[in-house]
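1. Sequence and predicted structure below; questions after.
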Amino acid sequence: MKTFYLNTENLRNEVKNLSVGDKVYLSGTVYTSRDAAHQRIFDLIEKHMPLPYPIYDSVVYYAGPTPTPKGLAIGSCGPTTSGRMDSFSPKLLDMGQICMIGKGERNNDVIDAIVRNKAIYLCAIGGCGALASRCITNCEVIAFEDLGCESIKKLTFKDFPLTVAIDSKGNNIFER
């Protein structure tokens, strides 16, 4: 297992070098999105309407941050269960999404889409949302504000700690 310090801007070029179990400290732009926001994105896709962020090369963190305390960039920001997004993920990966961040296993359709698109699935440590928020330097609501904590936010990560859970070859940490 290796350790990588990566930026979202060049993640597509680095994915092939990552293997299950590798540690990744990720910096750059990351978007939050959970099931309610994913459904709205799919509604926009179906209607051929503009999307809240570019899907190609995007990194999505399945999180619903808590309200922001005074003086901080964001409240507690831990991962949510990724399986709730499994019905949406293959299409988004086929549209060019490069990375998903969450917790827990993914279904075979998602794993096939990861391999087909040479993408990656990273896991964040659940239960450490307050600690994880220290690695987020900026947070801006960019879509679906009415969803509250489930609105889509544009985050700036600085050395956010993650583990490669499913690599671009389909190797799966949950099968070890």
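-> Okay, I see it. Residues are numbered from 1 along each chain as shown.

2. Does anything pack onto the longest strand anywhere in the chain? Which helices or strands?
-> Longest strand in the chain, counting residues (DSSP state E): strand 152-166. Helices and strands touching strand 152-166, by 3 or more C-beta pairs under 8 Å, 6 or more residues apart in numbering; DSSP states H and E, are strand 23-32, helix 108-116, strand 120-123, strand 136-143. Every residue, glycine included, has its C-beta placed from N, CA and C.

3. Give me the helices and strands touching the last one, please.
-> Just to be clear, that refers to strand 136-143. strand 152-166.

4. which residue packs closest to Tyr121, ignoring adjacent ones?
-> Spatial nearest neighbour of Tyr121, chain neighbours left out: Ile166 (4.0 Å); criterion: C-beta to C-beta, 6 or more residues apart in numbering.

5. quick revisit: please tell me how far the longest strand of the chain is from the chain's geometric centre.
-> Relative to the centre of its chain, strand 152-166 is centred 7 Å away, using C-alpha atoms, centre = their mean, to the nearest Å.

6. any idea how far Cys123 is from His48?
-> Cys123 sits at a distance of 34 Å from His48 (criterion: C-beta to C-beta, to the nearest Å).

7. So between those two, which is more surrounded?
-> Neighbours were counted for Cys123 and for His48 using other C-beta atoms under 10 Å; Cys123 has more, 21 against 6.

8. Kindly state the pLDDT recorded for the residue nearest to that one when sequence neighbours are not counted?
-> Leaving aside its sequence neighbours, Cys123 sits nearest to Ala165 (C-beta to C-beta, 6+ apart; 4.2 Å). Ala165 is assigned 98 on the pLDDT scale.

9. got the CA coordinates for the longest strand of the chain in PDB?
-> In PDB, the C-alpha atoms belonging to strand 152-166 read as follows (Å, rounded to 0.1, in the frame of the first residue of the first chain):
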ATOM      1  CA  ILE A 152     -25.100  20.500  -3.600                       C
ATOM      2  CA  LYS A 153     -22.100  22.300  -2.200                       C
ATOM      3  CA  LYS A 154     -18.800  23.100  -3.900                       C
ATOM      4  CA  LEU A 155     -16.000  22.200  -1.400                       C
ATOM      5  CA  THR A 156     -12.300  22.900  -1.400                       C
ATOM      6  CA  PHE A 157     -10.400  20.000   0.100                       C
ATOM      7  CA  LYS A 158      -6.900  20.300   1.500                       C
ATOM      8  CA  ASP A 159      -5.200  16.900   2.100                       C
ATOM      9  CA  PHE A 160      -8.500  15.200   2.900                       C
ATOM     10  CA  PRO A 161      -7.700  11.600   4.100                       C
ATOM     11  CA  LEU A 162      -9.200   8.800   2.000                       C
ATOM     12  CA  THR A 163      -8.600   5.100   1.200                       C
ATOM     13  CA  VAL A 164      -9.000   3.500  -2.200                       C
ATOM     14  CA  ALA A 165     -11.900   1.100  -1.800                       C
ATOM     15  CA  ILE A 166     -12.500   0.100  -5.500                       C
END
